[in-house]
Structures are given as C-alpha cells and as structure tokens.
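S.K.: The following comprises the amino acid sequence and a computationally predicted model.
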Amino acid sequence: MAIKNLKLLTLSLIFLSLFSCSSNQSTKSNRIVIGISADVQTFNTLFAFSYEESAISDLLFPGLLDFRWNFEQGKLVPYPMIATNWQWSDDSTYISFSIRDDILWSDGESLSVDDIIFSYDVFSDPEVQSRLLGTFDYFFSDAEGKIDLEKTFNVNSPTEIEIHFPENSVINLVEMSIPIIPKHIFSEISRDQLGSSEINFKPVSSGAFKLKKWNRNQTIVLEADSSSFLFNEGQVAEIVFKIIPEYTSRILQLEKGEIDLIELVKVEDMDELKSEDNISVVNNSGREYDYIGWNNIDPELFAKGEVKSNILFGNDNVRKALTMAVNRKEILDEYLLGQGQLAFSPVSPIFKSEFNEDLKPYEYNPVEAKKLLANEGWLDEDKNGILDKDGIEFKFSMYYPVGNPLREYASVVVKNNLKAVGVDVSIEQMELGTFIDNLYERKLNSWMAGWGVPLPLELKPFWYSDPNIGILNFACYSNPAVDEILNSLETNLTDEKRIELVKKFQSIIHNDEPVTFLYWTPNLVAYNNRIKNINITPYGVLVHCWEWTLDE
C-alpha cells in the first residue's frame, strides 16, 4: 500500500493559448476539462502511486473485470471488461475466464492471453518494485511473492484462460483483476529499467482513451480511441486534466466554465457553487475518516524492544473518556458545516450490509469523561489543573502534518476540550515525510491523521496486533478476539458469517476505543451540468468517464 506521496507542481500560462487558440472547434466543444492540483510523474500503471496517476492509468489499462458500486448492497459488483464472463471450478480452486478477441492496443496490435499472463508476472516481480508488489499472496508464489506462472495459469485456447489458486485461498476479485499491459512493448525493456523507461511517458494502451498530449505541469490530454473495444460514438472526444495547484483558481475557473469538474471542494464553497445554475455539487463521503491516535504502548520502551502498556493511553476507559471529552460535533458543525458524519469504527456506513447500525458514537460528555478518568486513578491531587496519577501528570504532545486546515482547526478544539477535563495537550505540527516515518516507527504518543477506506473493505493491516502483519496499526492496538476475527475473515465464509464477524469486530473496537474516531470527512465533487450520464460513487469519480456525454 503506497502512502508516501506528495507532489507540488506549478501551473504554466502556456495552457491559456492551448484553449484560446484551438482551431478545432468541434473537438473543443466535445471536451471535458478536469481541474487537478498536481501533475503526474508517469503513465506507467506499474508505478502509478499518486491519486492522479492511478485515476489516469486505470483509464488507459483496463483489467480482466470491471467493477461498479452497488448502493443498495454497499459493495463492488464485478462486470465484464477484457473478460466477457468467468466461472469458478466446482472445487473453487480456479477461475476460467473467456477473453474478448476484438481488443486492440493503441498501436494496432491485438491483446492476447499472453499479455494477461505477462502482466501478472511483471506486477509480482520483486525486481520491478511495482505498486502492487506483495499483494499476490493468494496466488501460487515464491518466498518473495512472485507468481509461479506454471502453477497459476493454464491456457485452454486463445480466448480462454484459467487462473489457479492454492487450496482454501480466499480470492478478492477486485485485487485479482490487475491492469493488463502490452507484452510486446514491456518485454523489450529490462525489468530493472522499467521505472525509467520512455514508455512511462508514451503509453501503449487499450482503454477507451489514449494519451494525445502531455504538456508538463500544464495539461494532460486524453483522446477517445476509436479502435478501443470500449469506444462508442456518443462518448466525449477528449478528457483534459488541467493542472491548477491553487485551490482558489480551480474554483474560479469552474465558475467561469473554463474547467468542468473538480474534487475536494471545501465545504465553505458548497453553497456558492450550488447557487450557480450550471453547477452541481455531490457529497461523495464515506471513504475517508479523521481520528486521534493514542499509542496503546509506551513508545520509548518499544524503541528499546520492550512492549509495555502506555501509562496515559493503555487503558480502554481512559481512551473512551478522551473521546467523550472531545466535542466532535462542534468541529462537524463549525468547520465542516454539518457535511461530515460522526465515526465510531473504521467500517463506513457505505458498507450497507456490514455496517453495525446498533452502535452509536460516544456523545460529548465532559462530566462523564472526568468520572471515567477519576475511576482509573487520574485525579488533580496538587490542584494545578492537570490530572495526575502515581506522580505522573496527564500531559502529552499531539502531532499532525502541516498543510491540513481541518486538522489545524480541530487540534485547537481538542486541546481546549481536554484542558477542560484536566488533560494538558501541546499541539505540534510536523513535516509530512517525518510524520509518516514516525508513525511507521511507532515513535509518537498521540497524533491526528486520517485514513482512506479500501474497497473492498480491508481491516487486517490496520488492526492486527502483529506489527509485521498490522503494518498500519500505528496505535499498537492488541486484542486476541480481534485477531481471531481478522484471521477468520481470510477464510472461505458465507456472506452471512462474514457480515456477522465484521459487525462483531465493530462492537469490540467500539468498546476498546483504540483511537478516537472523529468523523467521516466529506469529499465534495463539483461539476458542470453539461456533463451527462455521470455517476459519482465511493468507487471513484472518473472510473467510467467514457460513458459520459455532453449537452449539445
């Protein structure tokens, strides 16, 4: 899972001439312009780590299957893409895929089953260091995670391929369906040179769009590929990604009609944009939440190889008290203008069947918080306004990365709220790279950060006690019952049993409160109403943009 990505790029005025001097009026009128904050560094799907790179490369390199978000079920549902259909074997040890025979790469070569096998081989090769390295454990693979091609793939015909799995493997079709790359292009390059190859900037693709032009730090222009199997006559001729680092400029250009769509609109701009007759605003929330991390173990002793409960945060009642002491609704109402939703676990309400509706967020109750703290021995014995226990005052530093206004605002609320119950908090900003490094090394006592929720839902990396497995369990939370559930979720289960276990997991997490879950943050997407057939879901905004059309 790639986390360390931060790119800041500048906008050039050359872009203005591209739009004002275009002689192709029909193309211009059949173009959608999307405002993004940063340029890409590659179009190679192997190394598409940033959000922008991933969104664009997914358009260029489809996988075996397509996926669409089902709102009623709250989950992704597979649909045909490169594969027209698929069938599990009776013993569930392999899937047989029927492959389309009419797919062309953008250079005119035909896509074949050889491309499919080659793609899995390259993505899993440690020498390549792709963004998906280490995610193929459920395939036949060696100690380094590289897929064993002979055991995994069986080609029955030019249009039928079997993918085999070890017995009792639990297959995630979303993760399994990786982007397919052209063997005739990539096989000509040494694998240790793929990251620096010219193909990173001149992709040979098979999606509905292909790269037409890249003006670095200005625009990325994708044009409809009429030879693509996804092409239809009514689709938009061009998708243009316009790099506009400054947020205010993106808003102004949307209002002026110079761009057609932006994500991550600030809530304070929502009403003004909604008042525009030509603009729609959609709150695509449920994928990101903010939280306050409490290190459940002593970070200084951990650095010395010793695991011991944190004197401040090692007790679940203390952590509950800290949550009750924070007025999260005030932050929602004042800063997020009510557009977020209080959180109480890492399972989002978008997962309709798995979300535990019987649980409720802890209410803001400083009186009850003080009682809980007192019951655990935290009292202000010396009457200096700070709780103490066994001679240790309840005081600590809370860190958050620079450049996030919401967390800057929320940290002040948290500081003041906790001070009211006798807890002394020092707020500290930290450069993002250093902040992430400290989280991975479990050095911080307390911090404020956010998580994006994977689709499909994935819990083990975030909550498993073993740090070699729970690599993102920065709070060092440990509960054998949770570990047992997370292990069980990796076995073959009925849907009913899986739902039961995920709901039980939420109950345990809610009771233990390993961190303070703050709120599900809104992702406001604004777009020009001339775009039709747009379907914004938790799965993404651009994932099916070849289906978009424009008003005449």
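M.R.: Great, that's in hand.

S.K.: Ile163 - that's part of a strand, no?
M.R.: Yes. Assigned with DSSP: H, G, I helix; E, B strand; the rest coil, Ile163 falls within a strand.

S.K.: Am I right that it is in contact with Ser89?
M.R.: No. Counting by C-beta atoms under 8 Å, Ile163 does not reach Ser89; the two are 10.4 Å apart. Bear in mind the C-beta positions are built from the backbone N, C-alpha and C, glycine included.

S.K.: who has more neighbours, the two?
M.R.: Ile163 (21 against 12; other C-beta atoms under 10 Å).

S.K.: Could you list everything the more buried one pairs with in the sheet?
M.R.: Using DSSP bridges, the bridge partners assigned to Ile163 are Ile95, Phe153.

S.K.: Let me see the confidence value for it.
M.R.: pLDDT for Ile163: 97.

S.K.: Also the one 4 residues further on?
M.R.: With respect to pLDDT, Glu167 scores 89.

S.K.: Leaving out chain neighbours, which residue sits closest to it?
M.R.: Thr93 (6.2 Å; C-beta to C-beta, 6 or more residues apart in numbering).

S.K.: count of neighbours near that neighbour?
M.R.: 14.

S.K.: Would you check that my belief about it contacting Phe165 is correct?
M.R.: Yes. Taking contacts as C-beta under 8 Å, Thr93 lies within contact range of Phe165: 6.0 Å.

S.K.: tell me which element Leu501 falls in.
M.R.: Leu501 is part of helix 495-512 when elements are defined by DSSP states H and E.

S.K.: Can you pull out the residues in contact with that helix?
M.R.: 316, 319, 344-347, 351, 353-356, 358-359, 457, 459, 463, 477, 479, 481-482, 485-486, 488-489, 493 (C-beta atoms under 8 Å, 6 or more residues apart in numbering).

S.K.: same question, stretch 199-211
M.R.: Contact with stretch 199-211 is made by 42-44, 47, 57, 59-62, 82, 103-107, 109, 111, 180, 182, 185-186, 189, 214, 220-225, 228-231, 235, 239, 546, as judged by C-beta under 8 Å, 6+ apart.

S.K.: tell me the contacts of the residue nearest to Glu167?
M.R.: Thr93 touches 164-167, counting by C-beta under 8 Å, 6+ apart.

S.K.: redo that, cut-off 10 Å
M.R.: Thr93 makes contact with 162, 164-169, according to C-beta atoms under 10 Å, 6 or more residues apart in numbering.

S.K.: Between which two of those residues is the distance greatest?
M.R.: Spanning the widest gap among the contacts of Thr93 are Glu162 and Asn168, at 18.1 Å by C-beta to C-beta.

S.K.: and the gap between the residue lying closest to Leu379 once chain neighbours are set aside and Leu312?
M.R.: Take Leu379 and drop its neighbours on the chain: the residue closest to it by C-beta to C-beta, 6+ apart is Leu387, 6.3 Å away. Computed with C-beta to C-beta, to the nearest Å, the distance linking Leu387 and Leu312 is 10 Å.

S.K.: Pull up the overlap in contacts between those two.
M.R.: With C-beta under 10 Å, 6+ apart, Leu387 and Leu312 have common neighbours 378, 393-395, 423.

S.K.: Identify the farthest-apart pair in those residues.
M.R.: Spatial extent of the shared contacts of Leu387 and Leu312 (C-beta to C-beta) is set by the pair Trp378 and Lys395 at 11.5 Å.

S.K.: Now for these two: what residues contact both?
M.R.: 312, 386-388, 422-423.

S.K.: who touches Ser141 in this structure?
M.R.: Counted by C-beta under 10 Å, 6+ apart, Ser141 has contacts 124, 134, 147-148, 151-152, 166.

S.K.: Among those residues, which one has the most neighbours?
M.R.: Result: Ser124 is most packed of these (other C-beta under 10 Å), 25 neighbours.

S.K.: Does Phe241 belong to a helix, a strand or coil?
M.R.: Going by three-state DSSP: Phe241 is strand.

S.K.: partner residues bridging the residue nearest to it when sequence neighbours are not counted?
M.R.: Excluding the flanking residues, the one nearest Phe241 by C-beta to C-beta, 6+ apart is Ile220, at 4.1 Å. Beta bridges link Ile220 to Trp214, Phe241, judged by DSSP bridges.

S.K.: The one 4 residues further on now?
M.R.: Beta-bridge pairing for Ala224 (DSSP bridges): Phe209.

S.K.: hang on, isn't it packed against Leu230?
M.R.: Yes. Using C-beta atoms under 10 Å, Ala224 is in contact with Leu230, at 9.3 Å.

S.K.: Now the common contact residues for these two.
M.R.: 208-209, 546.

S.K.: more crowded one of Trp378 and Lys395?
M.R.: Ranked by neighbour count (other C-beta under 10 Å), Trp378 and Lys395 place Trp378 first, with 25 against 15.

S.K.: any idea where the helices of the stretch 451-552 of the chain begin and end?
M.R.: 460-463, 480-488, 495-512 (DSSP state H, counting those that start in this stretch).

S.K.: returning to that earlier point: quick one: which of the contacts of Ser141 has the lowest pLDDT value?
M.R.: Among these, Gly134 has the lowest pLDDT, at 88.

S.K.: wait, that one sits on Asp125?
M.R.: No. Taking contacts as C-beta under 10 Å, Gly134 lies outside contact range of Asp125: 11.5 Å.

S.K.: so what sits against both of the two?
M.R.: 144-145.

S.K.: Could you check how far the residue most central in space within the chain is from Asn523?
M.R.: Nearest to the geometric centre of the chain sits Gly452, at 4.4 Å (C-alpha atoms, centre = their mean). Gly452 sits at a distance of 10 Å from Asn523 (criterion: C-beta to C-beta).

S.K.: Then Leu439?
M.R.: From Leu439 to Asn523 the distance is 23 Å (C-beta to C-beta).

S.K.: Regarding the closest residue to Ser187 other than its chain neighbours, what is its secondary structure?
M.R.: The shortest distance from Ser187 to any non-neighbouring residue, by C-beta to C-beta, 6+ apart, is to Phe118 (6.8 Å). Recorded secondary structure, Phe118: helix (three-state DSSP).

S.K.: Near Phe118, how many other residues are there?
M.R.: Phe118 has 19 nearby residues by other C-beta under 10 Å.

S.K.: Lys304 reaches Asp298, doesn't it?
M.R.: Yes. Counting by C-beta under 10 Å, Lys304 touches Asp298, with 9.5 Å between them.
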